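**Student:** what's the 3D shape of this:
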Amino acid sequence: MTTEMTMPRRGAGPGGVRLRAAVAAALLLARLKPGRLRGVLTVLSRGARPATYDDTLETYERVVATSRKCAGWYGCLPRSIAISLLCRMSGTFPDWHAGVRNAPPFQPHAWVEAEGRTVGEQNVTDFRPLLKVTPRGR
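**Tutor:** This next block holds a predicted model:
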């Protein structure tokens, strides 16, 4: 006996349009030069409250479930930007980092932190942050 089943669309449900918009914007912003990207994220972080770890982790999981490009290792930059944008839509902003591996081989990486903890990443202690954007009060 079989049961008819309908799978939910990616990004469907509450916040689906905002989630897809944040991912699309992140994919575009990821093409910017590092200084310009930091400037855009700095402007966006103004007036935001620091994001909580639990909210940022939930946002991380939603972004990864919505976008295949953001889910993989090479999607770290658009993923971290999308998480930051989506958190900002709710009035908060995580600490956004971009850096490189401390020892050879060269490897860039981007990630977010909330409440002093890395969100959704295995181990970033091997990476040295080169760019950092934190929430700024008014």
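
**Student:** how far off centre is the helix or strand bottoming out on mean pLDDT in the chain?
**Tutor:** Of all the helices and strands that make up the chain, helix 68-71 has the lowest average by mean pLDDT, DSSP states H and E, namely a mean of 90. Taking Cα atoms, centre = their mean, to the nearest Å, the mean C-alpha location of helix 68-71 is offset from the chain mean by 11 Å.

**Student:** so what does whichever helix or strand comes after it touch, helix or strand wise?
**Tutor:** Toward the C-terminus, helix 68-71 is succeeded by helix 76-89 as the next helix or strand (DSSP states H and E). Judged by 3 or more Cβ pairs under 8 Å, 6 or more residues apart in numbering; DSSP states H and E, the packing partners of helix 76-89 are helix 16-29, helix 34-45, helix 53-66, helix 68-71, strand 95-101, strand 108-114. In short, each C-beta sits where N, CA and C put it, glycine included.

**Student:** specify the angle between the first one and helix 34-45 in degrees.
**Tutor:** What it means is helix 16-29. Between helix 16-29 and helix 34-45, the angle formed by their directions is 150 degrees, by axes from the mean of the first three to the mean of the last three Cα atoms, to 10 degrees.

**Student:** residue contacts, the spatially most central residue of the chain?
**Tutor:** Within the chain, the residue whose C-alpha comes closest to the C-alpha centroid is Ser80; the distance, by Cα atoms, centre = their mean, is 2.4 Å. Going by Cβ atoms under 8 Å, 6 or more residues apart in numbering, Ser80 touches 96-98, 110-112.

**Student:** again, only using 10 Å
**Tutor:** Contact criterion Cβ atoms under 10 Å, 6 or more residues apart in numbering gives 26, 30, 41, 60, 63, 70, 94, 96-98, 109-113, 119-121 as the residues in contact with Ser80.

**Student:** for it, which non-adjacent residue is spatially closest?
**Tutor:** Take Ser80 and drop its neighbours on the chain: the residue closest to it by Cβ to Cβ, 6 or more residues apart in numbering is Ala110, 4.2 Å away.
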